[in-house]
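just need the structure, nothing else, for what follows:
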Amino acid sequence: MAQARERTIRHAHAARSGPTAGFTRGILCYAGAMRARAGSGWADPCATLVQGSGAAKASAWVLSAVLPCALGGCSQGEPPGAEPNPNLGSIVVEADGELDAGDEGGSVPSDLLGTLEDNLPFQPTGKRIASIAWRTWVYTDTGPKRTRLGYLRAGAVVDAREPGLGPNEGCAGGWFRINPRGFVCIGKGATEDVEHDPVVIASEVRPVRGQGFPYLYAMSGEVAPLLYFKLPTMAQMVNVEGDGVAGRASAWKQMSRINGTADLLGPISAPPRWLLSNDLTKPYGVEQPLRYSVHAGKAKADSGFAIARTLEHEGRTFGLTTELDLIALDRVKMVKPSSFSGVHLTETQDLPAAIIDRHYVQRYEAGEDGKLRPSGSYSHRQGLALTGKKQGTGGLVMYETADGSWVPSDGVRLIPHRTEFPSFATGGRKWIDISIKEQSLVAYEGRRPVFVTLVSTGRGGLGDPEKVHATVRGTFMVHTKHVSATMDGDDDKTDSFNLRDVPFVQYFHKGYALHGTYWHDEFGKVRSHGCVNLSPKDSAWLFEWTDPPVPKGWHGVLNHERGTVVYVRP
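Numbers count the residues shown, from 1 in each chain. The predicted model follows:
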């Protein structure tokens, strides 16, 4: 049944997009017919050799949505918050354009205001606007043929240039320039009321970049949580959830101190004043389900949640999700971030590198006589830069690490030195080398490796991506990036997820992406339905390292010209 439904999705999707040979595959990155809802369009940025079912070169092409479907089951309707004439094109967003104090900025001839040439950073004057939509599009210009550069997420407050422009036929509320470039339309997606708008106030906690997870994460418990849209009284909770609410909340608090959840959450605050007497207003573009007395139904089983803040009310601990639902934390399992991270290499270091592959591996040091003696142990999945020196031959080899210790070969996953390089590995050009057999990822600048780690690719291994859950092989480019993106699916119970705000998503070919993972910690093993899974720390670092850069305050960006190369090989 699932296979039949998947074929139907593929054919419907292909019909919507035209006769593009490679697109008929139903991409299964996580689970079932997963739908990427975090954006609205994508392009295969370069002619790409794709292995599988005799696929030939895929031409560069564009859909009318920012995020490609992570699976073939997503809708191609106009995304929420989008204005008419999306006309995606080949756009480059540069890194943040910080202005010096003496830089005048914003000195644009009047005849160029609102055009493509109006693209230089400006000096902030205190004027700000805020996003009130799940995706507030940033456009290249204000004209009828404008294209999208990226988007803001609800709650983002950014500097705006005065005076505004318009209104015009495409934007009844008028336009504002933002930094480092682009224009935002005031209306359903954005507001000038940055102090009082309920969505802006409720979404004030912003995602953290460059460190690990952008938010706290949780997965549904045995009984999925209700999605409260207001703070319920204890009587209301008992009425909709049944007896035992207070006892469950108390037991959860006690257990959270034992299992480390309390440390993960940190201090729990009282409800903010604005929440005490008001219903939560959803950002424009977020699903608006039917509301009952105090809740909007139950979350789907196996849901994942991104939590922006925690609070205590009526003796119960709640989390406020990024979609502005209140969920009781005693109904979910908080995700403890994986501690795994790869190896950063200095300019003088090279491959091979090693990652400890067992739970106990003896550490050795060389004595004055040159003999190796035990000296402590390495931790499981610890990353090690190696010097290239080794002792022994045959079955057991000892490798010298950068700190002077020695590690036995039978306890490590070795990522070998490259002897040959693809033609694009020139100068300081950034590119990513992914090996399916090794379950490894190496970030290069030219021919110099700068970072190495373990990943989880498609569980179909080296199989045909058209037929099994394998990662596509070939040469691609990162073309769309999202600080987080929500995906869902309902193929079967074991792989049924409603994964909100998957962290640090980087699409490189159709629905295939590099992204962080909060629902498993098995890096180094095949695990996904086709995407390349990374640990929280690794995905956060890689997101900031690759091109296109996502400007400060933005949540996503599109770039169909100059993204970082992704090379996926056996």
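
got phi/psi on residue 198?
phi -60, psi -30 (degrees, to the nearest 10).

what does residue 235 give?
phi -60, psi -40.

got the contact list for it?
Residues counted as contacts of residue 235 (CB atoms under 8 Å, 6 or more residues apart in numbering): none. In short, each C-beta sits where N, CA and C put it, glycine included.

and residue 443, by the same measure?
By CB under 8 Å, 6+ apart, the contact set of residue 443 is 430, 431, 432, 433, 449, 450, 451, 452, 542, 545.

next, format the residues you listed as TSV and append distance to residue 392, neighbour count and pLDDT.
Converted to TSV, these look like this (distance: CB to CB, whole Å; neighbours: other CB atoms under 10 Å; pLDDT from 0 to 100):
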residue	distance to residue 392	neighbour count	pLDDT
430	36	16	98
431	34	22	98
432	33	23	98
433	28	22	98
449	25	22	98
450	29	17	98
451	28	21	98
452	23	24	98
542	34	24	98
545	36	16	98
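
which one of those sits closest to residue 214?
Checking those against residue 214 by CB to CB gives residue 542 as the nearest, at 13.7 Å.

helix/strand/coil for the closest one?
Classification of residue 542 using DSSP: H, G, I helix; E, B strand; the rest coil returns helix.

can you give me the helices for the stretch 401-550 of the chain?
Per DSSP state H, counting those that start in this stretch, the stretch 401-550 of the chain carries helices over the ranges 536-545.

now the contacts of residue 443 in TSV, with distance to residue 260?
Shown next, in TSV, are the contacts of residue 443 (distance: CB to CB, whole Å):
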residue	distance to residue 260
430	37
431	39
432	34
433	36
449	35
450	33
451	29
452	29
542	27
545	31
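
name the nearest of the residues you listed relative to residue 123.
residue 545 (28.9 Å).

for residue 217, helix, strand, or coil?
Strictly by three-state DSSP, residue 217 counts as strand.

contacting residues for it?
304, 305, 306, 307, 334, 335, 337, 501, 518.

what's the separation between it and residue 552?
Counting by CB to CB, to the nearest Å, the separation of residue 217 from residue 552 is 23 Å.

cool, and residue 213?
19 Å.

show me which of the two is the more surrounded one.
Set residue 213 next to residue 552 and count neighbours by other CB atoms under 10 Å: residue 213 wins out with 22 against 13.

now that one: closest residue in space that isn't a chain neighbour?
Spatial nearest neighbour of residue 213, excluding adjacent residues (CB to CB, 6 or more residues apart in numbering): residue 536 at 4.8 Å.

check contacts around residue 294.
228, 229, 230, 232, 236, 240.

pLDDT wise, what is the closest residue to residue 327 other than its chain neighbours at?
Nearest non-adjacent residue to residue 327, counting by CB to CB, 6+ apart: residue 225, 4.1 Å away. With respect to pLDDT, residue 225 scores 98.

then residue 103?
45.

and the strand or helix carrying residue 251, what's buried?
Using DSSP states H and E, the element containing residue 251 is helix 245-259. For helix 245-259, a neighbour-count test (16 or more other CB atoms under 10 Å) marks 245, 248, 249, 252, 253, 256 as buried.

of these, closest to residue 563?
Among these, residue 256 lies closest to residue 563 (CB to CB), at 41.8 Å.

these two touch, right, that closest one and residue 266?
No - using CB atoms under 8 Å, residue 256 is not in contact with residue 266, being 11.5 Å away.

pull out the buried residues from stretch 262-273.
Buried residues in stretch 262-273 (16+ other CB under 10 Å): 262, 265, 268, 271.

report the separation between the two terminal residues of that stretch.
24 Å (CA to CA, to the nearest Å).

from the chain's centroid, how far away is that stretch?
Mean C-alpha position of stretch 262-273 versus that of the full chain (CA atoms, centre = their mean, to the nearest Å) differs by 25 Å.

quick check: mean pLDDT of that stretch?
The pLDDT scores in stretch 262-273 average 96.

hang on, the earlier thing: which other helices and strands contact the helix holding residue 251?
helix 234-241, helix 261-265, strand 316-321 (3 or more CB pairs under 8 Å, 6 or more residues apart in numbering; DSSP states H and E).

identify the residues contacting the helix or strand just after the shortest one?
Next along the chain after helix 261-265, taking DSSP H and E as the criterion, comes helix 273-276. When contacts are defined by CB under 8 Å, 6+ apart, helix 273-276 is touched by residues 198, 201, 202, 230, 231, 311.

count of residues packed around the nearest residue to the fifth one once chain neighbours are set aside?
Meaning residue 231. Using CB to CB, 6+ apart and skipping the chain neighbours, the partner closest in space to residue 231 is residue 313 (5.2 Å). Residue 313 has 21 neighbouring residues, counting by other CB under 10 Å.

which strand residues bridge residue 313?
The residues listed as beta-bridge partners of residue 313 by DSSP bridges are residue 316.

tell me the contacts of it?
Neighbours of residue 313 in contact, by CB under 8 Å, 6+ apart: 231, 270, 271.

let's have those residues in CSV, adding distance to residue 186.
Shown next, in CSV, are those (distance: CB to CB, whole Å):
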residue, distance to residue 186
231, 31
270, 34
271, 31
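
and stretch 213-223, what's buried?
Applying 16+ other CB under 10 Å to stretch 213-223 flags 213, 214, 215, 216, 217, 218, 219, 220 as buried.

could you identify the most distant pair in those residues?
Largest pairwise distance in those, by CB to CB, is 20.0 Å, between 214 and 220.

please pull out the lowest mean pLDDT helix or strand from this protein.
helix 2-17 (a mean of 33; mean pLDDT, DSSP states H and E).
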